[in-house]
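Asker: Can you look at this prediction? I've put the sequence above it.
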Amino acid sequence: MQKTYTILLLLAVSLSNGIKAQVTQYSYTQLSKLFNSYSENDERGLVFVNLYISKAKKERKLSKLISAYDEAVYYSRSVDKKLSYADSAVALSMRSKNEDLMSWAYLKRGIVYYYNKRDYRRALQQYLIAFNHAKHTKDLYMRNKIVYHLGIVRLYLGYYEEAACHFSDTANYYEENISAKDHLNIRLNNESGYLNSIYCLSSCYKYLGEFKKEDSLVDLGLKRIKDPEDFSLELAYFQKGKGIQLLRDGKDELAWRHLKFSERILKHEEDFASLAKVEFYLGKFYWKSGNRKMSLIYFNKVDSILSKFKFITPEINANYQYLISDAKERRDERKQLYYTNRLISIDSVMKADFAYLSSRIHREYDVDSLNEDRHRLLRKNKIGEVLIVVIILLSFGIVYYFIVRFKNKEERLTVKYNQLLEKLSKKDDIDAENTSTLKIPTKEIYSRELIDKVKKNLKIFEEKAKFRDKKLTLEEAAKMVGCKRNALSYILNTHLNTNFTQYLKVLRIKYITEKLMEDDSTYLKYSMDTLAEECGMKNRQVFSNHFLELNGIRPTDFVRKRVEEQNKDKEK
């Protein structure tokens, strides 16, 4: 298989240099395996997608070509490119006169308009065309996917009653089609569709003021999620909903826990639209509790997200009212002007994009008053020579601050690095101490023979570094060591004082740390992505966080310190 991939990679390079090659001898499956190894917006995947396109054109396979353009949308980084590929897919589907192909193509183009262009009304148009072509389809999964996206855009634009009808339909469909007999991926897709539908339905009820219905759906969602790893985003949404519900009920401390839980997942998954809402409610929590400093940190995080990703969320417009209020109290006219400008700008966008919604929103601010404040602040903020001098001095101060900060940071990193080296040198003593303090129950639920066998096989499992498979599950590991998943979980918890997730984390970080500690280790030259891959971590961010958690230092800093240490040794 590796040989085949190498040949295909050389073929792709040859084609990109203008050298003729016969792509027809390679299957669509082989080509799709290559581009499927890349993540969204990674244009390296386009090399293989273009091969797929060339093959489909040469063989005049219209459905394959449409599918290839869909893949090109996924791997393109440029929004304009995404839209161009989506347009091509629509044009080809119209030529095919196949209603299902046309439905899929218009749905995909609508998704680009919604998530990438943030043109919500155009997205709604595409979804409606897709729905029209799917009126007589037998592909009920596709039809409900269109209905779900219709609900999403109508929810965003404020058509809550219509959106609620859509989500009720899709929730019923997905729930009816969840079956243990289906392939795992199909079952997970339907379960995810159901969970997302009832969450969006709960949001509709929240905006309609039907809080009892909202609360019951949030609680239902939390009960339905048995495995957080399969539905991490959905879990984050329901945790967010639960936090907002508890804030509304005055249970602030409990609400904070749910919101923080949601925040961690959303940051990791990079769902910034949902994250902005969580940060806003955390800001409200701290404002209400009297911690003004923390509340402003969160409100400014919201501003940063909204500024960077250019989306408007009517629900969290109040974010700027808090910031303006604080700036007024502190007589910080510069920040008051900035936040006033931001709120006026958002209000103008809302009037254009949310014509229906903006007429129903009760504004707690007067736009005319905001404009008067802005003009007054602009007149007072004419920059003079004194301000320029202050800025120059401030710049020097900032430079000095960062120099000192860098120096202090380096000193702290050196301490952390040396502490880690000392810890590694005493590894055997620490392991022995941990083992001696472990309390084994007097009455076991599994036989001593099974426990001893599993512990022995776990050592072999560790020695052969089988934990490096990043897709490894508890059930697969149990098979490797000769027991059921429940037995392995029990032995890890009771006899090794850990759980499966923590066990893998420690083994992987220990493995890669030891590799980096080897003399003249080639691992020191690897990128963080490669190091994460080598030890079985999901991605570089997870790897970096786990390395920091267990070693007290980021892997980038550890590698840099290790290289510096080796260079000093060579100079000696």
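Answerer: It's in.
Asker: just for the chain, where's the confidence low?
Answerer: 1-25, 310-316, 347-392, 395-397, 399-402, 404, 427-442, 572 (pLDDT under 70).
Asker: quick one, domains of it?
Answerer: Domain assignment for the chain, taken from automatic domain parsing, gives 1-97, 98-224, 389-437, 439-571.
Asker: Please identify the buried residues of the helix or strand containing Y148?
Answerer: If you go by DSSP states H and E, Y148 is part of helix 140-157. Within helix 140-157, the residues scored as buried using 16 or more other Cβ atoms under 10 Å are 142-157. In short, each C-beta sits where N, CA and C put it, glycine included.
Asker: Report the two of those residues separated the most.
Answerer: The most widely separated members of those are M142 and L157, with 23.0 Å between them, by Cβ to Cβ.
Asker: quick one, helices of the stretch 201-350 of the chain?
Answerer: Along the stretch 201-350 of the chain, counting by DSSP state H, counting those that start in this stretch, helices occupy 211-224, 232-248, 252-269, 272-288, 292-309, 318-329, 333-353.
Asker: which other residues reach the fifth one?
Answerer: By that I understand helix 292-309. Contacts with helix 292-309, where a contact means Cβ atoms under 8 Å, 6 or more residues apart in numbering, come from 272-273, 275-276, 279-280, 282-287, 312-313, 316, 319-320, 322-323, 326, 339, 342, 346.
Asker: Next, work out how far apart V454 and Y446 are.
Answerer: 8 Å (Cβ to Cβ, to the nearest Å).
Asker: In terms of neighbours, single out the busier of these two.
Answerer: A direct count of neighbours by other Cβ atoms under 10 Å for V454 and Y446 places V454 higher, at 21 against 15.
Asker: Give the full set of residues in contact with the more buried one.
Answerer: 481-483, 487-488, 491.
Asker: That one: which element?
Answerer: Assigning secondary structure by DSSP H and E places V454 in helix 448-463.
Asker: Packing partners of the very next helix or strand once past that helix?
Answerer: Remark: after helix 448-463, the chain's next helix or strand is helix 474-481, criterion DSSP H and E. Judged by 3 or more Cβ pairs under 8 Å, 6 or more residues apart in numbering; DSSP states H and E, the packing partners of helix 474-481 are helix 448-463, helix 485-495.
Asker: From the contacts of V454, list the buried ones, please.
Answerer: By neighbour count, with 16+ other Cβ under 10 Å, these hold 481, 483, 487-488, 491 as buried.
Asker: List only buried entries from the contacts of helix 292-309.
Answerer: Of the contacts of helix 292-309, these count as buried by 16+ other Cβ under 10 Å: 272, 275-276, 279-280, 282-287, 312-313, 316, 319-320, 322-323, 326, 339, 342, 346.
Asker: Any chance of CSV for the buried ones among the contacts of V454, columns distance to R264?
Answerer: Putting these into CSV (distance: Cβ to Cβ, whole Å) gives the following:
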residue, distance to R264
V481, 31
C483, 32
A487, 31
L488, 27
I491, 29
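Asker: Which one of the residues you listed is nearest to F211?
Answerer: L488 (43.3 Å).
Asker: what residues are up against the closest residue in space to A89 that isn't next to it in sequence?
Answerer: With sequence-adjacent residues excluded and distances taken as Cβ to Cβ, 6 or more residues apart in numbering, A89 is closest to Y69, at 4.0 Å. If you count contacts by Cβ under 8 Å, 6+ apart, Y69 has them with 53, 85-86, 88-89, 92.
Asker: Next one: Y38 relative to Y75, how far apart?
Answerer: For Y38, the distance to Y75 equals 6 Å [Cβ to Cβ].
Asker: what touches both of these two?
Answerer: In contact with both Y38 and Y75: 44-45, using Cβ under 8 Å, 6+ apart.
Asker: Which of these two has more residues huddled nearby?
Answerer: Set Y38 next to Y75 and count neighbours by other Cβ under 10 Å: Y75 wins out with 23 against 17.
Asker: Go ahead and name everything in contact with stretch 538-558.
Answerer: 268, 413, 416-417, 419-420, 470, 505-506, 508-510, 512-513, 516, 528-529, 531-532, 535, 537, 561.
Asker: Look at stretch 284-293 and report the distance between its end residues.
Answerer: 12 Å (Cα to Cα, to the nearest Å).
Asker: ok, now stretch 68-88?
Answerer: From start residue to end residue, stretch 68-88 stretches across 10 Å - Cα to Cα.
Asker: same deal with stretch 455-474?
Answerer: End-to-end for stretch 455-474, by Cα to Cα: 15 Å.
Asker: What are the contacting residues of it?
Answerer: 476-477, 480-482, 485, 488-489, 491, 495-496, 500, 504, 507-508, 511, 533-538.
Asker: 7 Å instead, please
Answerer: 480-482, 485, 488-489, 491, 495, 500, 504, 507-508, 511, 535-538 (Cβ atoms under 7 Å, 6 or more residues apart in numbering).
Asker: Show me which of the residues you listed are buried.
Answerer: By 16+ other Cβ under 10 Å, those give 480-481, 488-489, 491, 495, 500, 504, 507-508, 511, 535-537 as buried.
Asker: Identify the farthest-apart pair in those.
Answerer: Between all members of the buried ones among the contacts of stretch 455-474, the farthest pair (by Cβ to Cβ) comes out as H495 and M537, at 25.5 Å.
Asker: Next one: G221 from Q239, what distance?
Answerer: Distance, G221 to Q239, using Cβ to Cβ: 9 Å.
Asker: Turn the contacts of V454 into JSON lines, including distance to R44.
Answerer: What follows is those, written out as JSON lines (distance: Cβ to Cβ, whole Å):
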{"residue": "V481", "distance to R44": "38"}
{"residue": "G482", "distance to R44": "41"}
{"residue": "C483", "distance to R44": "41"}
{"residue": "A487", "distance to R44": "43"}
{"residue": "L488", "distance to R44": "38"}
{"residue": "I491", "distance to R44": "42"}
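Asker: for these, which one is nearest L246?
Answerer: Once Cβ to Cβ is applied, the member of these that ends up nearest L246 is L488, at 36.1 Å.
Asker: how about the nearest residue to that closest one, chain neighbours excluded?
Answerer: Per Cβ to Cβ, 6+ apart, closest to L488 is A478, 4.2 Å.
Asker: And L516, by the same measure?
Answerer: Per Cβ to Cβ, 6+ apart, closest to L516 is Y523, 5.2 Å.
Asker: any idea how far the one you found lies from L157?
Answerer: Taken as Cβ to Cβ, the span from Y523 to L157 is 51 Å.
Asker: what does N341 give?
Answerer: 25 Å.
Asker: picking up where we left off before, which member of the buried ones among the contacts of V454 is positioned nearest K213?
Answerer: Nearest member of the buried ones among the contacts of V454 to K213, counting by Cβ to Cβ, is L488, at 41.6 Å.
Asker: from the contacts of stretch 538-558, which would you call buried?
Answerer: Using 16+ other Cβ under 10 Å, the buried ones in the contacts of stretch 538-558 are 268, 413, 416-417, 420, 505-506, 508-510, 512-513, 516, 528, 531-532, 535, 537, 561.
Asker: just to revisit the earlier point, looking at the helices of the stretch 201-350 of the chain, which is closest to G193?
Answerer: Per Cβ to Cβ, nearest to G193 of the helices of the stretch 201-350 of the chain: helix 232-248, 10.1 Å.
Asker: Against which helices or strands is that closest one packed?
Answerer: helix 184-207, helix 211-224, helix 252-269, helix 272-288 (3 or more Cβ pairs under 7 Å, 6 or more residues apart in numbering; DSSP states H and E).
Asker: Make a markdown table out of those helices and add distance to L458.
Answerer: Output for those, formatted as a markdown table (distance: least, Cβ to Cβ, whole Å):
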| stretch | distance to L458 |
| --- | --- |
| helix 184-207 | 26 |
| helix 211-224 | 33 |
| helix 252-269 | 29 |
| helix 272-288 | 38 |
